[in-house]
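>>> this is a predicted model, with the sequence first.
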Amino acid sequence: MSIEERKLVLRIFDDGCQCELPSNVHVFLDMIRRDFGYRPDVTMDILYGLTSHGFMVHLKERSRERGGDLVALGWRDRHGYQDSTVYDYVMRNSLLIAMNMLELSQSRFCSHHRDKVMEDLDFVGLSTDILKAELEHISRAG
């Protein structure tokens with residue numbers, strides 16, 4: 001994925017309405033136009049170009065009086081899992097897992113450095129946060 005694609009996906013995941021999780025999040029196309037300067041057709045072309053990466057895109061047409069058109073973005077992990085229970089869980093919750101991973105890996109950064117994490121796909125903060133949480137849990141239990 002290009003840096004622009006990563007930034008767009010991150011913004012949608014960060015700012016999108018989560019009422020339809022775990023299947024998708026949605027945002028107004030006008031918000032993307034204001035934040036990125038992309039016309040709606042350009043935004044949709046970029047997002048449709050990500051379907052080979054497991055993203056699912058759906059345009060929800062709405063009147064201007066209702067805020068304008070929305071784009072719904074979902075994602076499915078396409079790795080093969082041998083265990084059917086794990087596979088079923090991941091297929092149902094891929095987007096939720098990814099969003100939680102992104103939130104956790106970026107929770108200690110300002111917006112500038114958070115964007116840098118996504119640009120570089122540098123999730124070292126994720127393992128650090130998990131280790132820290134695990135150590136805190138162990139110390140409380142002990």
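Okay, I see it.

>>> so His58, which state does it fall into?
strand (DSSP: H, G, I helix; E, B strand; the rest coil).

>>> what's the burial count for Ala98?
Per other CB atoms under 10 Å, the neighbour tally for Ala98 reads 16. Bear in mind the C-beta positions are built from the backbone N, C-alpha and C, glycine included.

>>> cool, and Arg140?
Neighbour number of Arg140 under other CB under 10 Å is 7.

>>> that one in helix, strand or coil?
Classified using three-state DSSP, Arg140 is helix.

>>> C-alpha coordinates for the lengthiest helix in the chain, CSV please?
Secondary structure of the chain read by DSSP state H shows that its longest helix is helix 84-106. Extracted in CSV, the C-alpha atoms of helix 84-106 (Å, rounded to 0.1, in the frame of the first residue of the first chain):
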residue,chain,number,x,y,z
SER,A,84,-11.5,-23.8,12.1
THR,A,85,-12.4,-22.1,15.4
VAL,A,86,-9.6,-19.5,14.9
TYR,A,87,-10.5,-19.1,11.2
ASP,A,88,-14.2,-18.5,12.0
TYR,A,89,-13.3,-16.0,14.8
VAL,A,90,-10.8,-14.1,12.6
MET,A,91,-13.3,-14.0,9.6
ARG,A,92,-16.0,-12.5,11.9
ASN,A,93,-13.7,-10.0,13.7
SER,A,94,-10.8,-9.1,11.3
LEU,A,95,-11.6,-5.4,11.2
LEU,A,96,-12.2,-5.1,14.9
ILE,A,97,-8.9,-6.9,15.6
ALA,A,98,-7.0,-4.6,13.2
MET,A,99,-8.6,-1.4,14.6
ASN,A,100,-7.7,-2.4,18.2
MET,A,101,-4.1,-3.3,17.1
LEU,A,102,-3.8,0.1,15.4
GLU,A,103,-5.2,1.9,18.4
LEU,A,104,-3.0,0.1,20.9
SER,A,105,0.2,0.5,18.8
GLN,A,106,-0.4,4.3,18.4
